[in-house]
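Engineer: Quick one: sequence and predicted model below, then my questions.
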Amino acid sequence: MRRSLALAAALLLTLATAAPAAAAPPPGPAPTAATPIQVYGAWHCGNDFCTWSTPRSVAEFDSQNHWIIDRGDGRPSVNLVVLSFVNPLDLLHQSTDAATLDGVPRGMTPEIVQYFTARGVRVMLSIGGITYTDDWDAALAENAALLGQRAAAVATRLGVGIEIDYEQNTDPNLAGLQAFIDAYRAVHPYDATGTRPQARLTIDVAAGDRWLIALNRKATADWLRTDSPVLDYANAMVSARPASASTAQANWQEHIDGKAQFSPPVPPLAPAKFTGGIYLAYGGKPLPECVDYATSVQKAAAPYVQSVAPHGAGTSAGLLGFMFWAAERPATRGIGTVPPNTCERGAGAGATALAVPVPMPALRQS
């Protein structure tokens with residue numbers, strides 16, 4: 001019995017020693033590097049709910065907005081600020097009154113632009129907004145080309161780019177908007193290098209593909225192509241109220257997929273041709289997007305934003321980045337982003353975590 005056990009043990013030891021080592025499992029696919037964030041910007045409504053009607057000293061402006069140019073370590077919290085809004089009809093008429101000077105709100109001064117650009121933060125002016133939809137219609141009907149020329153002149157004078165925010169959901173004047181764009185581009189041609197701020201011309205579209213449909217279709221088909229770009233990029237605006245990361249991503253995916261079932265269809269948009277909008281300030285309490293990056297939408301959505309694949313347009317993965325609505329006082333109700341509810345720990349911390357470049361680099365073109 002003992003001999004049998006000894007022989008069995010010896011046999012097992014021999015087999016174990018002689019058996020080849022098990023093959024190691026094949027390595028998994030190498031992780032895909034996240035596409036760097038390029039645009040990380042904030043719309044800015046000034047201290048009077050997006051009218052910018054009053055000139056301000058730089059010192060007073062800084063007291064309310066210092067977080068934008070200093071996330072706590074001397075670096076800006078964003079690399080783009082979009083001053084919102086210019087009334088298109090005032091711009092066309094070059095109106096001068098208590099709130100407006102030569103068609104531009106009196107608060108949008110060279111000194112305020114310089115406040116940002118001196119720190120490497122790009123500045124743009126947004127023409128429109130939902131309040132000025134009828135004025136966009138009137139200005140385009142009256143003289144769209146002249147409006148484009150005057151927008152180009154303001155861009156030249158202030159050293160800024162221009163954003164088109166034409167929120168006409170029903171029968172937008174697309175021929176007029178084309179004339180506006182053509183006139184602007186005749187003065188400031190498309191510049192893929194991004195070195196000339198005046199050449200930066202963008203457009204706002206809805207959060208997804210189900211609002212501003214005609215405008216979105218035209219922009220995607222004709223102005224935001226990677227093979228023959230006319231506009232630099234689009235901003236997918238915020239939804240009606242703050243959304244979760246998953247809801248925001250579902251909206252942004254609509255742009256990437258397009259809407260083949262619409263008649264006529266909306267073509268897919270290259271991820272490199274738009275940014276995703278999220279709220280920075282809303283209502284009576286601070287949002288994580290402003291005060292707590294760890295629990296913010298931008299942190300939760302960052303993996304998607306940096307890796308979402310093209311689906312019919314473009315070749316590179318990832319959106320251009322994020323846009324935040326909105327700095328300082330975006331609404332008559334709510335706390336905004338003024339002290340003590342400033343955004344160094346939200347947007348600013350995100351700029352650090354996401355390695356946002358300041359100044360903004362040349363943008364991906366495909």
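Structural biologist: That came through, no problem. Numbers count the residues shown, from 1 in each chain.

Engineer: Could I have the CA atoms of stretch 172-180 written out in PDB?
Structural biologist: Extracted C-alpha coordinates of stretch 172-180, given in PDB (Å, rounded to 0.1, in the frame of the first residue of the first chain):
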ATOM      1  CA  PRO A 172     -34.600  80.500 -40.800                       C
ATOM      2  CA  ASN A 173     -33.200  82.800 -43.500                       C
ATOM      3  CA  LEU A 174     -30.500  80.400 -44.700                       C
ATOM      4  CA  ALA A 175     -29.800  82.400 -47.900                       C
ATOM      5  CA  GLY A 176     -29.300  85.500 -45.800                       C
ATOM      6  CA  LEU A 177     -27.000  83.700 -43.400                       C
ATOM      7  CA  GLN A 178     -25.000  82.400 -46.300                       C
ATOM      8  CA  ALA A 179     -24.600  85.900 -47.500                       C
ATOM      9  CA  PHE A 180     -23.500  87.000 -44.000                       C
END
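
Engineer: Buried ones in that stretch, by neighbour count?
Structural biologist: 172-174, 176-180 (16 or more other C-beta atoms under 10 Å). Using the backbone N, CA and C atoms, a C-beta is placed for each residue, glycine as well.

Engineer: In helices, which of those appear?
Structural biologist: 174, 176-180 (DSSP state H).

Engineer: Among those residues, which one lies nearest to Pro242?
Structural biologist: Set against Pro242, the nearest of those by C-beta to C-beta is Leu177 (29.4 Å).

Engineer: Identify the residues contacting that closest one.
Structural biologist: Under the criterion of C-beta atoms under 8 Å, 6 or more residues apart in numbering, the neighbours of Leu177 are 140, 144, 164, 166, 215, 218.

Engineer: Looking at the fourth one now. What's its pLDDT?
Structural biologist: Going back to what we said before, that points to Tyr166. On pLDDT, Tyr166 comes in at 98.

Engineer: element containing the closest residue to Thr352 other than its chain neighbours, please.
Structural biologist: Excluding its sequence neighbours, the residue lying closest to Thr352 (C-beta to C-beta, 6 or more residues apart in numbering) is Arg71, at 6.6 Å. Assessed by DSSP states H and E, Arg71 sits outside every helix and strand.
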